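Trainee: What follows is a predicted structure for the sequence shown.
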Amino acid sequence: MSHTYEEFVEIVRRLRRECPWDREQTHESIRQNLIEEAYEVVESIDAGDIDEMKKELGDLLLHVVFHSVIAEEEEEFTLEEVVSLISEKLIRRHPHVFGDTVVNGQDDVIRNWERIKLDEGRTSVIDGIPAALPALVRALRLQEKASKVGFDWEKKEDCWKKVEEELTEFKTVSDEDNDEETITDELGDLLFSIVNYSRFLKINPEDALRRTNEKFIKRFQIIEERLKEQGKDIHETSLEEMDKIWEETKGKIKR
């Protein structure tokens with residue numbers, strides 16, 4: 001049985017009326033769920049699982065509609081207004097599609113997009129980047145926005161020199177037993193410079209770290225499995241034993 005978008009919206013509205021749990025929810029109580037659903041969409045994309053992606057996009061859509069239905073009940077805004085506002089914004093920010101503006105490639109599109117956002121009332125080129133974003137993603141977005149107005153390294157080699165400079169400074173302050181705040185600041189500078197260099201390589205640092213996290217999980221779980229097969233307790237196993245198994249797993253884990 002297939003359902004239309006209108007039927008889906010009515011299902012959500014009925015849940016708000018008749019389900020005790022749904023009826024009690026607020027914007028605040030389900031805001032974390034919204035973030036989690038977005039990450040589950042990303043996870044399905046990373047896994048290349050189209051069927052799962054289809055399901056997760058549905059869960060994400062549910063939260064968009066759910067928040068809108070709550071807002072309707074509180075007379076804050078309507079679902080129709082949400083759809084209307086995003087439609088207007090897409091038309092306004094794509095004058096090369098819906099107007100007479102001529103562009104020569106995506107660089108022109110991006111520059112026009114940023115100019116239009118400033119015309120809409122933003123006071124800074126780097127406005128509009130959510131503070132709740134993961135720090136690596138936020139650093140990348142800040143650098144991308146600054147780059148669009150020419151605030152950037154000209155060559156990746158110069159960018160790499162900055163990484164080496166920040167690495168030296170971090171090593172120095174950590175070796176000298178400085179206070180935690182000083183070391184934290186220098187570590188932040190180092191991470192920011194690495195994000196910058198990854199941008200020159202056209203690699204998303206969040207994606208790179210997520211892949212490494214998954215690789216670590218798989219390798220560590222193999223250590224646990226091997227030790228269990230040998231009847232050993234991981235809490236009583238030496239680092240040397242664990243490291244030997246770790247090295248054996250390298251190259252066997254597919255990306």
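Mentor: Structure's in. What do you need? Residues are numbered from 1 along each chain as shown.
Trainee: who's in contact with Glu144?
Mentor: Arg199 (CB atoms under 8 Å, 6 or more residues apart in numbering). C-beta here means a position set from N, CA and C on the backbone, and glycine is covered the same way.
Trainee: For it, what are phi and psi?
Mentor: Dihedral angles of Glu144 (phi, psi; degrees, to the nearest 10) stand at phi -60, psi -40.
Trainee: Ok, the one 5 residues further on next?
Mentor: Geometry field for Val149 lists phi and psi as phi -110, psi 20, criterion degrees, to the nearest 10.
Trainee: nearest spatial neighbour of it, skipping sequence neighbours?
Mentor: Spatial nearest neighbour of Val149, chain neighbours left out: Val125 (5.5 Å); criterion: CB to CB, 6 or more residues apart in numbering.
Trainee: And for Asp207?
Mentor: Using CB to CB, 6+ apart, the nearest residue to Asp207 is Asp46, at 7.7 Å.
Trainee: export the helix or strand in which the one you found is found as CSV, just CAs?
Mentor: According to DSSP states H and E, Asp46 maps onto helix 31-47. C-alpha atoms of helix 31-47 as CSV (Å, rounded to 0.1, in the frame of the first residue of the first chain):
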residue,chain,number,x,y,z
ARG,A,31,15.4,18.1,19.1
GLN,A,32,18.1,15.5,19.8
ASN,A,33,16.2,12.9,17.8
LEU,A,34,16.2,15.2,14.8
ILE,A,35,20.0,15.3,15.0
GLU,A,36,20.3,11.5,15.4
GLU,A,37,18.0,10.9,12.4
ALA,A,38,20.2,13.1,10.2
TYR,A,39,23.3,11.2,11.3
GLU,A,40,21.5,7.9,10.5
VAL,A,41,20.9,9.2,6.9
VAL,A,42,24.6,10.0,6.7
GLU,A,43,25.5,6.5,7.9
SER,A,44,23.3,4.9,5.3
ILE,A,45,25.0,7.0,2.6
ASP,A,46,28.4,6.0,3.9
ALA,A,47,27.4,2.3,3.8
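Trainee: What is whatever helix or strand comes next after it packed up against?
Mentor: Of the helices and strands lying after helix 31-47 in sequence (DSSP H and E), the nearest is helix 50-73. Contacts defined by 3 or more CB pairs under 8 Å, 6 or more residues apart in numbering; DSSP states H and E place helix 50-73 against helix 5-18, helix 31-47, helix 79-92.
Trainee: what's the closest of those helices to Glu157?
Mentor: With CB to CB as the measure, helix 31-47 is the member of the helices and strands packed on helix 50-73 nearest Glu157 (30.9 Å).
Trainee: ok, residues contacting that closest one?
Mentor: Against helix 31-47 from outside (CB under 8 Å, 6+ apart): 50, 52-53, 55-57, 59-60, 62-63, 67, 132, 207, 210.
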